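[1] have a look; sequence and predicted model below, questions after that.
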Amino acid sequence: PEEDEDLSDSEDSVYSGLEDSGSDSEEDEEDGFFNVPGDVFHAVLNHYSGFCWVFLPTRLPRFFSKDMLMCPFLVLQDIRNTVGNIPMEWYRDFPHIGYDLDGKKIYKPIRNKDELDDFLDKMENPDYWRTVHDNQTGSVIVLSDEQVELVNRLQRGQFGDINFNEYQPSVEYFSSDVMIHPVTNRPEDKRSFIPSLVEKEKVSKLVHAIKMGWIKPRRVEDNSRGTFYDLWASEDSSILSKHRMHLPAPKIPLPGHNESYNPPPEYLFTDEERALWEQQDPSDRKLPYVPMKFSSLRQVPAFPRFIHERFERCLDLYLCPRQRKMRVNVNPEDLIPKLPKPKDLQPFPTVQSLVYRGHSSLIRSISVSPSGQWLASGSDDGTVRIWEVCSSRCMKTIQVGGAVKTVTWNPNPAVCLLAVALNSVVLILSPALADRQVVSSSERLLLGDQEAEAAEDTGAVWSEAEGEELNQGIRLKVHHPKAVHQVVWHAKGDYLASVMPDNSSHLQVLIHQLSRRRSQNPFRRNKGLVQCVSFHPVRPYFFVATQRSVRIYNLVKQEMTKKLQANSKWISSMAFYPVCGSVSLTVLIVLITCHLICRHHKKAVRGVAYHRVYPLFASASDDGSVIVCHGTVYNDLLQNPLIVPVKVLRGHVMTHDLGVLDVTFHPTQPWVFSSGADNTIRLFT
């Protein structure tokens, strides 16, 4: 129409695909294209009035024949607008509507028509009903008579090609004659061996309808055997059912294979079993009868004790006392506490970052300095190594001449001292890995009172190192009468306790004062085989753990405050959360830790450790794993503590049935160190 020609006045609209390029037929013949009658220039699919419009380009290559243009199923993609199959609403706020093959913008045609002009065009234009708007190029296309006829045929459900004969004779690919060789040797499909899900769904619907009574299957009445009546049908059973304590009689168990007239051979008695059955008392027999085999049911004789057995059952039901037990319907899932997700409890160590290698034997103990910069380790190769945490570099190696049982740093940051336990000697080392003020304060603490003498009943002897030991950093030696297995520092750094497990002596725990070089035995009697001891981080309490119990002693009052019974067979180590409000909370954490480790590890637990800042604790076991848990204890003792396992750390190789031997946390970062029997120390961050 003329109105449509006035809408594109700009030069840019020439390239929008709405007008012909103006080339003549001779140039098209030379370029290898031929003209297609009609005004449509590009191919587009537009959904309009519930059917699909098919448009073809006016210029096609030579290899396309004109017969192919009449095929209703030929859909060629538009070669003008190259934006692809995207929503055209994306170009709503832009002056262009796409790009051509050269990458130039295809500008929208200028439109000045409003709804009134559209209504007038609808009333006056005779071709308005066959006019279609193209969303991809923004053009208005008038369909030809052939295209309208094609759309009408598709709406009527007919074929697009008018010359197509749908009733042409079919070709019989398979004849009725049986051939020797098969036409195809393709194997059966997998679906031929799998039951049909559609049939299963239909059958399930029919079964459900039968159960609900919607479908009543027809029943064939068989009156050949006569009619039977229920003798107790008229009896009123509601009297018993309304009784408050009425209990129905227990049902008789269903018969088994051994009660069959033709049981399997394994259910029949042998001669020895039959002789043993006859010798037993009737009350001791598993079966009150002897299984027998018959060739047919017709040869089975009558049961001689039938009436007697029925009478005994009635007598048992009459004389048997029954009691109603009220059961509480509790959902098991409601008893399980709702634990938070581990990702909500971060930070905690998740990956292995560094491996410290250098020892030639298993590493029994590790300890981190209060500053978090140095790591000390003791091994069975007779050396104590001090590592830099961040670089995994071995800064110092000290030969102590024996297998090291325990290595622990002094927790006081004002001094830099290290306690090492080997055989029956406790060594006090000064590594000198701090500033001058800290080193000088450490040396002043080691000088102590030279005139003090050791107590006679303890058997501990203090001595100073000389020669090569002094050059390595060893300052003091404390000789014990027995082998020392553990050394623990007090929070202030002046006292340390040593453990010598021996069930035959009362000298199992000694407390040493470093400044005065004095040792004392706090216990006069044997309380069991002591496994480990620990000082409370804040209050004056001393914890002593035997194999089955934990005793709490007040150091000020010099009396036992409480005794706790552990739920494990053997206590191997203890750990305390340093910021605790009371003793009960601390001990509660200890017991919960032991209980949790016993349930998660598959082998013996070698050590546990708590973090000083974060609510994290870790446990090491011989199964080669370190389990990190999030633990929170509330001030209200009636509220259960929150224990959530957050990570299982693996990396150590099991050697001689030994896995991880010790574990400890970094003092400030959420990092954990572990030492194992594979001669390595691993840092998890």
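    Thanks, I have the structure now. Residues are numbered from 1 along each chain as shown.
[2] CA atoms only: put the helix or strand where Ala209 lies into PDB for me.
    Here Ala209 sits within helix 197-212, counting by DSSP states H and E. Output in PDB follows, covering the C-alpha atoms of helix 197-212 (Å, rounded to 0.1, in the frame of the first residue of the first chain):
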ATOM      1  CA  LEU A 197       5.900 -48.400  32.600                       C
ATOM      2  CA  VAL A 198       2.700 -47.300  30.900                       C
ATOM      3  CA  GLU A 199       1.100 -50.700  31.500                       C
ATOM      4  CA  LYS A 200       2.400 -50.700  35.000                       C
ATOM      5  CA  GLU A 201       0.700 -47.400  35.700                       C
ATOM      6  CA  LYS A 202      -2.600 -48.500  34.200                       C
ATOM      7  CA  VAL A 203      -2.500 -51.700  36.300                       C
ATOM      8  CA  SER A 204      -1.700 -49.800  39.400                       C
ATOM      9  CA  LYS A 205      -4.700 -47.500  38.800                       C
ATOM     10  CA  LEU A 206      -7.000 -50.500  38.300                       C
ATOM     11  CA  VAL A 207      -5.700 -52.100  41.500                       C
ATOM     12  CA  HIS A 208      -6.200 -48.900  43.400                       C
ATOM     13  CA  ALA A 209      -9.800 -48.600  42.000                       C
ATOM     14  CA  ILE A 210     -10.600 -52.200  43.000                       C
ATOM     15  CA  LYS A 211      -9.200 -51.500  46.600                       C
ATOM     16  CA  MET A 212     -11.300 -48.400  46.900                       C
END
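[3] return the set of buried residues in it.
    Of all the residues in helix 197-212, not one is buried under the rule 16 or more other CB atoms under 10 Å. For glycine as for every other residue, the C-beta is placed from the backbone atoms N, C-alpha and C.
[4] shaky segments in the stretch 151-300 of the chain?
    Confidence mapping of the stretch 151-300 of the chain against pLDDT under 70 gives the ranges 220-248.
[5] that one: helices as residue ranges?
    197-212, 238-241, 271-279 (DSSP state H, counting those that start in this stretch).
[6] in this structure, which spans are helices?
    Applying DSSP state H to the chain gives helices spanning 2-5, 25-31, 115-124, 145-155, 197-212, 238-241, 271-279, 306-319, 332-335, 436-447, 468-472, 583-600.
[7] buried residues of stretch 429-439, list them for me.
    Within stretch 429-439, judged by 16+ other CB under 10 Å, the buried ones are 429-431, 433-434, 438-439.
[8] oh, that last question was meant for stretch 551-559, not what I typed.
    Within stretch 551-559, judged by 16+ other CB under 10 Å, the buried ones are 551-555.
[9] just the ones of those in strands?
    551-554 (DSSP state E).
[10] okay, among those residues, which ones form the most distant pair?
    Spanning the widest gap among those are Arg551 and Asn554, at 11.0 Å by CB to CB.
[11] what do these two both touch?
    The contact sets of Arg551 and Asn554 overlap at Met560 (CB atoms under 8 Å, 6 or more residues apart in numbering).
[12] need the ones in strands among the buried residues of stretch 551-559 in a markdown table (columns: distance to Lys563 and pLDDT).
    Listed next are these as a markdown table, based on distance: CB to CB, whole Å; pLDDT from 0 to 100:
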| residue | distance to Lys563 | pLDDT |
| --- | --- | --- |
| Arg551 | 5 | 85 |
| Ile552 | 7 | 88 |
| Tyr553 | 10 | 87 |
| Asn554 | 13 | 86 |
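[13] could the residues you listed go into TSV alongside distance to Glu469?
    Output for these, formatted as TSV (distance: CB to CB, whole Å):
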residue	distance to Glu469
Arg551	37
Ile552	38
Tyr553	35
Asn554	38
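[14] from those residues, which is closest to Lys562?
    Using CB to CB, those come closest to Lys562 at Ile552, 4.6 Å.
[15] show me what the closest one is bridged to.
    Counting by DSSP bridges, Ile552 is bridged to Phe543, Lys562.
[16] for Trp409, same thing?
    If you apply DSSP bridges, the partners that Trp409 bridges to are Leu418.
[17] quick one: it and Leu418 touch, right?
    Yes. The criterion here is CB atoms under 8 Å, and Trp409 meets it with Leu418 at 5.8 Å.
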